[in-house]
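J.: Dropping the sequence and predicted coords here.
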Amino acid sequence: MIVTLLSGIAASSWARVALRYGAVAVAVLFFMLSIRRSGERVGRQAERLEEMEKINETQRRMLEAAARRPRDRGELVDRLRDGGF
């Protein structure tokens, strides 16, 4: 019954045109939704990258500061006397 109804609707030329435009509209809608979702994903990845860069920069500065620290008390006293801090 439904098959005969659909075949009757698809038999008219205006219905075929409407179905064709409807199919194109649905395809365009799905395409735009997928582009939006991939854009959101790229945005989240960019935020993650920025956070990782900040973290790496902070860790690099901490390592550089640790490399410049006085090795023992004598070196600390010398640096304090020289005004190196």
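T.: Ah, there it is. Residues are numbered from 1 along each chain as shown.

J.: use CA for all of it now, contacts and neighbours both
T.: Will do.

J.: where in the chain is pLDDT low?
T.: Within the chain, the segments meeting pLDDT under 70 span 1-11, 84-85.

J.: where along it do the helices fall?
T.: 2-11, 13-67, 73-82 (DSSP state H).

J.: just the CA coordinates of the last one, formatted as CSV?
T.: The one in question is helix 73-82. Extracted C-alpha coordinates of helix 73-82, given in CSV (Å, rounded to 0.1, in the frame of the first residue of the first chain):
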residue,chain,number,x,y,z
ARG,A,73,76.4,27.4,50.3
GLY,A,74,79.8,28.8,49.3
GLU,A,75,78.5,29.7,45.9
LEU,A,76,75.4,31.2,47.4
VAL,A,77,77.5,33.4,49.8
ASP,A,78,79.7,34.5,46.9
ARG,A,79,76.7,35.5,44.8
LEU,A,80,75.1,37.4,47.7
ARG,A,81,78.4,39.3,48.3
ASP,A,82,78.7,40.1,44.6
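
J.: what's that helix packed up against?
T.: Contacts defined by 3 or more CA pairs under 8 Å, 6 or more residues apart in numbering; DSSP states H and E place helix 73-82 against no helix or strand at all.

J.: Can you mark which positions in that helix are buried?
T.: Under the neighbour-count criterion of 16 or more other CA atoms under 10 Å, helix 73-82 has nothing buried.

J.: can you give me how far it is from the chain middle?
T.: In terms of CA atoms, centre = their mean, to the nearest Å, the centre of helix 73-82 is set 49 Å apart from its chain centre.

J.: Same question for the longest one.
T.: Chain-centre distance of helix 13-67: 5 Å, with CA atoms, centre = their mean.

J.: Could you number the chain from 6 rather than 1 from now on?
T.: Right, with 6 as the first residue, what we last looked at is helix 18-72.

J.: which other helices and strands contact it?
T.: Using 3+ CA pairs under 8 Å, 6+ apart as the contact test, the elements touching helix 18-72 are helix 7-16.

J.: And Ala72, how far from Glu52?
T.: Counting by CA to CA, to the nearest Å, the gap between Ala72 and Glu52 amounts to 30 Å.
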